[in-house]
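>>> After the sequence you'll find the predicted model.
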Amino acid sequence: MFAALKSHAWAYPALEIVHILGIALLLGNLVLLELRVFGKGAALPVKELARLGLSVVLVGFCMAAASGLLMFATQPAELLANRAFTLKILLLTCAACNAAWFHGRGSLDRLDVTAKAQMVVSTVLWVAIVSCGRWIAYR
């Protein structure tokens, strides 16, 4: 299967498209939630917006994770030696920990300074993750 990803001219680029669409769904919805946490769209109930967005975030994450794992499987040794890739994985781990902390402490119920800081950290992490992802090809 992984050989097919390497041998078909369209297979790897198609995976990249799925990966990018997944990231767009994930990051776009996180930014919308961050805007709401910072007071934009105050008429929208934050919990309902988060509930709606979370399902789209999960779909986006699954798309990005599945396509990313398939792309990784085509060249694991090269990617593990790539500093941009290893930094991306470290940042993904940080983003997961931040999300667990955000939901674990009930930040949607508080919307306090810590919740706002967590949202900013999340967005910065995801922009850095996307940047590292693009940089992988140039390292």
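Now that the structure is in, tell me what you want to look at. Numbering: from 1, shown residues only.
>>> Going by C-alpha atoms from here, please, whenever you check contacts or count neighbours.
Fine.
>>> For the helix or strand encompassing Phe85, what is the distance to the chain centroid?
Assigned by DSSP states H and E, Phe85 belongs to helix 83-104. When distances are taken as C-alpha atoms, centre = their mean, to the nearest Å, helix 83-104 is centred 9 Å away from the chain's centroid.
>>> Next: stretch 124-139.
11 Å.
>>> same check, this time on stretch 77-96
Its chain's C-alpha centre and that of stretch 77-96 lie 13 Å apart, by C-alpha atoms, centre = their mean.
>>> I'd like the average pLDDT over it.
Average pLDDT, stretch 77-96: 96.
>>> If we go by neighbour counts, what in it is buried?
Residues of stretch 77-96 classed as buried by neighbour count (16 or more other C-alpha atoms under 10 Å): Leu79, Asn82, Ala84, Phe85, Leu87, Lys88, Ile89, Leu91, Leu92, Cys94, Ala95.
>>> now stretch 61-80
Neighbour counts over stretch 61-80 (16+ other C-alpha under 10 Å) mark 61-68, 70-72, 74, 79 as buried.
>>> Between those residues, which sits nearest Tyr12?
Of all those, Tyr12 sits closest to Met71, with 7.2 Å by C-alpha to C-alpha.
>>> I'm done for today, thanks for sticking with me.
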